[in-house]
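> Generate coordinates for the sequence data below:
(one chain, ligands or ions: 1)
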Amino acid sequence: MSLRTDLTRLFIGEDRQLQRLLAYWAATCAFYAVCMVLMLLQIQNGTADRAAATALIWFGSTSVVACYLLIRASKALRVPPARLAVLQAFVALGCNVAAYAISGPIRGASLMVLLVVLVFCTFSLRPRQTLALCASTICALGITIAWMVIHDPLRYPASIEVIHFGLAASSLLAVALLTGEMSKLRSGLKRQKEELLVAVATIRTLATVDELTSLANRRHMNEVLGAEERRERGGGEPVCIALLDIDFFKSVNDRYGHAGGDAVLRTFAATAREALRGGDVLARWGGEEFLLLLPNTALAEATPVLDRMAERVRAMRIGELDRELTVTFSAGLAERHGDEPFADTISRADRALYIAKASGRNQVIPIETPAA
Ligand SMILES: Nc1nc2c(ncn2[C@@H]2O[C@H](COP(=O)(O)OP(=O)(O)OP(=O)(O)O)[C@@H](O)[C@H]2O)c(=O)[nH]1
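Predicted coordinates:
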């Protein structure tokens, strides 16, 4: 099993874009294989020149292997996929023009293969590149046919070759234009998908982040708490909840205006968040009220966290307003008991906050026992 995985990784790598290119390559390979078998049949029938047909088969097989190696090493060689696709299509179209030159009476049918190669370009080339490729093919075919008509008019009568060329050139042009339109549609869809992804990311941010403070918003915090409630707490790890409220915030607004109050909220959020660990979640719960979730933290460990936060908040300066302004907050702290709903823990933290406010503010009150 692991040998199979190793071999698969060796042949097709792990990069999704590379695997997509190799899938196209595999499809082309299958098509080449059919063309080669048909060429061998022509050799057997004596309708194609043996030496030229064998040389073409060798050239085709070597190109297929070389294309695989180039695609596989494209990341390391830093060759863009579109350039590889142009090269691949160029070789394929060249082989087909050569196949036309050496095929016997069925050479007219072999021109269909040119169209298949152009259709493949829809997936990797830009419309302009496909048109340029089509123009080069028409030129190469024209020159080849003219050369054959001049050098071997018996096998390649001008009256028939002109029709071959006319049909091939017009079909190639039509297919190139159609594949160009299809690539435009594909690019449009790709762009729309990218725009949609950006829009979804923006909606997700709007739905989860508080615009003013960049903290989690109330809706997101409720989701976090819901997920925490559903989580199996095998070891029964402790969890604490704290409700924080900035003291005398109304007077900040009255003195510095609403914009000044907003600046205080932003600085408070940034300062408070800096005092926390990675797993702690601080959310804006309401106007100047914040809810803090401290996972894996018992009440005795949570108190110093909040004291440290209070110290930092007292020391913070809102330079754009008033360097003398000192902001403080009051907090109520509660530990979750067993699997009780967080609403109960929050309600205890709220009561503790009320006590903190009522008994002078600028303090953290931990509440030890659950309400009866
Ligand atoms: N600038 C600003 N003010 C807000 C925002 N949300 C709520 N407020 C204000 O916050 C103030 C809260 O005032 P109160 O609830 O009286 O509380 P307080 O003045 O902080 O007093 P205590 O909480 O008792 O210390 C109100 O004036 C609200 O208008 C906001 O997003 N920006």
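
> where does the protein dip in pLDDT?
Across the chain, the ranges flagged by pLDDT under 70 are 1, 233-235, 369-372.

> can you pull out the strands in it?
Under the criterion DSSP state E, the chain contains strands at 239-246, 281-286, 289-295, 329-335, 364-367.

> Which elements pack onto the shortest one?
The helices and strands touching strand 364-367, judged by 3 or more Cβ pairs under 8 Å, 6 or more residues apart in numbering; DSSP states H and E, are helix 299-315, strand 329-335, helix 342-358. Heads up, the C-betas are built off the backbone N, CA and C, glycines and all.

> How about the first one, which residues are buried there?
Think helix 299-315. Residues of helix 299-315 classed as buried by neighbour count (16 or more other Cβ atoms under 10 Å): Leu299, Ala302, Thr303, Val305, Leu306, Met309, Ala310, Val313.

> Next one: the last one relative to the ligand, how far apart?
I take that to be Val313. 14 Å (Cβ to the nearest ligand atom, to the nearest Å).

> and the gap between that residue and Leu282?
Separation of Val313 from Leu282 (Cβ to Cβ, to the nearest Å) stands at 12 Å.

> which residues are in contact with both of those two?
Counting by Cβ atoms under 8 Å, 6 or more residues apart in numbering, the contacts common to Val313 and Leu282 are Ala272.

> residues near Phe11, how many?
11 (other Cβ atoms under 10 Å).

> How about the one 10 residues further on?
Each residue near Leu21 was counted by other Cβ under 10 Å, and the total is 25.

> Next up, the contacts around it.
Ile71, Ser74, Pro81, Leu84, Ala85, Ser124.

> any residues touching stretch 158-165, and which ones?
Contacts for stretch 158-165 (Cβ under 8 Å, 6+ apart): Arg107, Gly108, Leu111, Leu141, Gly142, Ile145, Met148, Val149.

> how does it look with 6 Å?
By Cβ atoms under 6 Å, 6 or more residues apart in numbering, the residues outside stretch 158-165 that reach it are Gly108, Ile145, Val149.

> Reformat these as a markdown table; add distance to Ser251 and neighbour count.
Shown next, in a markdown table, are these (distance: Cβ to Cβ, whole Å; neighbours: other Cβ atoms under 10 Å):
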| residue | distance to Ser251 | neighbour count |
| --- | --- | --- |
| Gly108 | 92 | 15 |
| Ile145 | 92 | 22 |
| Val149 | 98 | 18 |
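
> Please identify the residues of the stretch 201-350 of the chain in proximity to the ligand?
Applying Cβ under 6 Å from any ligand atom, we find that the stretch 201-350 of the chain lies next to the ligand at 212, 245-250, 253, 258, 261-262, 265, 287-288.

> Go again with 8 Å.
For the stretch 201-350 of the chain, the contact set with the ligand under Cβ under 8 Å from any ligand atom comprises 212, 245-254, 258-262, 264-265, 286-288, 330.

> Restricted to helices, list these.
249-254, 258-262, 264-265 (DSSP state H).

> Now render the residues you listed as a markdown table, adding neighbour count.
Shown next, in a markdown table, are these (neighbours: other Cβ atoms under 10 Å):
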| residue | neighbour count |
| --- | --- |
| Phe249 | 18 |
| Lys250 | 11 |
| Ser251 | 10 |
| Val252 | 24 |
| Asn253 | 17 |
| Asp254 | 12 |
| His258 | 10 |
| Ala259 | 10 |
| Gly260 | 18 |
| Gly261 | 22 |
| Asp262 | 15 |
| Val264 | 21 |
| Leu265 | 22 |
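
> give me the number of residues near Pro295?
Pro295 has 17 nearby residues by other Cβ under 10 Å.

> Send me stretch 303-320 as PDB with only the CA atoms.
The C-alpha trace of stretch 303-320 is given here as PDB (Å, rounded to 0.1, in the frame of the first residue of the first chain):
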ATOM      1  CA  THR A 303      -7.600  36.000  38.500                       C
ATOM      2  CA  PRO A 304      -3.900  36.900  37.900                       C
ATOM      3  CA  VAL A 305      -4.600  36.900  34.100                       C
ATOM      4  CA  LEU A 306      -7.200  39.600  34.700                       C
ATOM      5  CA  ASP A 307      -5.100  41.500  37.200                       C
ATOM      6  CA  ARG A 308      -2.300  41.600  34.600                       C
ATOM      7  CA  MET A 309      -4.800  42.800  32.000                       C
ATOM      8  CA  ALA A 310      -6.100  45.500  34.300                       C
ATOM      9  CA  GLU A 311      -2.500  46.700  35.000                       C
ATOM     10  CA  ARG A 312      -1.800  47.000  31.200                       C
ATOM     11  CA  VAL A 313      -5.100  48.800  30.600                       C
ATOM     12  CA  ARG A 314      -4.300  51.300  33.400                       C
ATOM     13  CA  ALA A 315      -0.900  51.900  31.900                       C
ATOM     14  CA  MET A 316      -2.200  52.300  28.300                       C
ATOM     15  CA  ARG A 317      -2.100  55.800  26.800                       C
ATOM     16  CA  ILE A 318      -4.500  57.200  24.200                       C
ATOM     17  CA  GLY A 319      -2.000  59.600  22.600                       C
ATOM     18  CA  GLU A 320      -4.500  61.000  20.100                       C
END
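
> how far out from the middle of the chain is that stretch?
39 Å (Cα atoms, centre = their mean, to the nearest Å).
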